[in-house]
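J.: would you be able to build a 3D model of this:
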Amino acid sequence: MNRTDNYQYLDNASIRIDDILLQPWPDFYVIGETAEQADQLVPELLESDDPIAMLWKAKIPDDLMKTIQRFPRCLWRSLLELSQLHVDYFLQWGQSCPALIGLMAIHSSDIQLDRDIDRIQAFYRGRRERLKTLGLPPTREVYRILAKLPVESCSSEQLEQLKEALQDKTRRKLLSHLEVITAETLETVQLPLDFLDIHFLRMSSEEAADSIASICTEIADFRRRLGKLPIWPYRGSGISYQRLRQIRDSIEVRLALGSAYKDIRFPKAPVEVVQSSKLKLKALTTVRELFKEGNEMENCITTYARAILSRSHYAYRMTFPERATILLVRRNEDWYPIEVRGPRNVSVAPQSLARISAWLGTEIGEEAPSDFPF
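T.: Have a look, this model is predicted:
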């Protein structure tokens with residue numbers, strides 16, 4: 001709730017909002033407010049163009065304001081308070097290692113005075129003492145890892161995740177090999193150590209629909225139900241993001257279809273296959289063949305096993321004029337190609353699509369919203 005339209009400007013440049021008093025920088029302090037409420041209220045004031053708010057923040061240097069506003073809003077109050085200890089050091093670390101500034105901002109102690117003394121000592125002592133104050137190993141390696149976290153990722157939750165990971169020697173070693181650490185990286189590095197390697201963490205820095213951590217958690221749950229944990233064979237450079245998804249989907253289908261899943265045969269192919277000089281196709285008639293196709297092409301066609309058994313979909317392997325997986329959907333009595341994809345879901349040539357449409361007598365269509373094309 002925005003309450004900055006209720007405030008009163010006092011003679012000492014403080015602002016009163018209801019029963020809350022906010023003193024101005026460089027003696028910034030909030031009286032009569034919980035930390036959570038203050039974390040919401042201060043950003044509203046820092047962004048406000050109201051004349052009273054402008055007077056209250058008039059002494060905050062422009063470069064300091066810009067540095068603070070690069071961080072997540074949840075830290076602005078703490079950062080504004082922290083910056084008063086030494087503006088130059090604050091600005092320097094805000095550029096070179098924003099995670100260090102962020103950790104100092106959220107640093108806490110049972111006694112408020114002890115916390116302030118800790119932070120003052122951290123500002124005026126060397127790197128080793130700063131890291132010790134924060135409860136981190138006082139090494140160059142740790143400092144370099146902290147510097148890899150972008151300022152926009154320095155939320156309280158992510159800073160705590162990074163701090164926890166840095167306490168573990170193995171996780172710390174893995175993080176040291178990365179060029180950048182993202183929110184996704186921090187989620188992934190919390191997985192059990194048996195799951196982790198540098199390839200997993202590098203994959204986690206890429207944008208994806210499902211997080212590496214969530215996929216691995218699902219796979220672990222499936223393997224537990226199959227009695228295959230604690231063994232975790234999915235490591236190394238051969239495990240791509242797409243391959244990891246395919247593994248998850250395959251195990252899920254296996255659990256759904258039962259122990260004899262690979263021997264299950266699909267209904268008869270709805271459209272006859274073609275072996276000609278222009279087009280070569282093969283129907284995928286068993287769950288085993290569907291799994292093999294998903295593995296070879298690194299796609300998620302396996303997830304359509306139950307849909308194929310229910311006769312709403314069907315899948316084909318195309319080997320000419322190029323390699324591709326074809327997924328058909330039934331609409332009334334006709335079958336339409338809703339997905340035609342090459343290895344790793346790359347698009348196929350328009351000429352190939354034209355030949356498939358000629359084979360079926362129907363054009364490429366769109367899948368129903370409730371389905372998820374591979």
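
J.: which parts of this protein are strands?
T.: Using DSSP state E, the strands of the chain run over residues 8-9, 15-17, 20-23, 29-31, 280-283, 313-320, 324-331, 334-341.

J.: residues contacting the second one, please?
T.: If I follow you right, that is strand 15-17. Contacts of strand 15-17 with the rest of the structure, by Cβ atoms under 8 Å, 6 or more residues apart in numbering, involve 3-4, 6-10, 21-22, 24, 41, 45, 52-53, 56. The C-beta positions use only the backbone N, C-alpha and C, and glycine is treated the same way.

J.: and which of those is nearest V273?
T.: The nearest member of these to V273, counting by Cβ to Cβ, is L41 at 68.1 Å.

J.: next one: the closest one from A13, what distance?
T.: 17 Å (Cβ to Cβ, to the nearest Å).

J.: ok, now A122?
T.: When distance is defined by Cβ to Cβ, A122 is 29 Å away from A13.

J.: higher neighbour count, the two?
T.: Between A122 and A13, A122 has the larger neighbour count (other Cβ atoms under 10 Å), namely 24 against 16.

J.: residues touching the more buried one, list them.
T.: Remark: with contacts taken as Cβ under 8 Å, 6+ apart, A122 is in contact with M104, E129, R130, T133, L134.

J.: repeat that for I301.
T.: Residues near I301 by Cβ under 8 Å, 6+ apart: L284, L290, E293, G294, A315, T325, L327, F374.

J.: what's the burial count for R144?
T.: Other residues lying near R144 total 12 when counted by other Cβ under 10 Å.

J.: give the contact list for it.
T.: Residues near R144 by Cβ under 8 Å, 6+ apart: S176.

J.: how much space between it and L175?
T.: R144 is 9 Å from L175, where distance means Cβ to Cβ.

J.: next one: V340
T.: V340 sits at a distance of 41 Å from L175 (criterion: Cβ to Cβ).

J.: between those two, which one's more packed in?
T.: Neighbours were counted for V340 and for L175 using other Cβ under 10 Å; L175 has more, 25 against 20.

J.: the more buried one is in contact with K148, isn't it?
T.: Yes - here L175 lies in contact with K148, judged by Cβ atoms under 8 Å, at a distance of 7.5 Å.

J.: any residues in contact with both of those two?
T.: Counting by Cβ under 8 Å, 6+ apart, the residues touching both L175 and K148 are I181.

J.: center of this structure - which residue?
T.: With the centre of the chain defined as its mean C-alpha position, the nearest residue by Cα atoms, centre = their mean is E184, 3.4 Å away.

J.: so what's the closest residue to that one other than its chain neighbours up against?
T.: Nearest residue to E184, sequence neighbours excluded (Cβ to Cβ, 6 or more residues apart in numbering): S204, at 4.5 Å. Listed by Cβ under 8 Å, 6+ apart, the contact set of S204 reads T182, E184, T185, E187, T188, S211, I212, A213.
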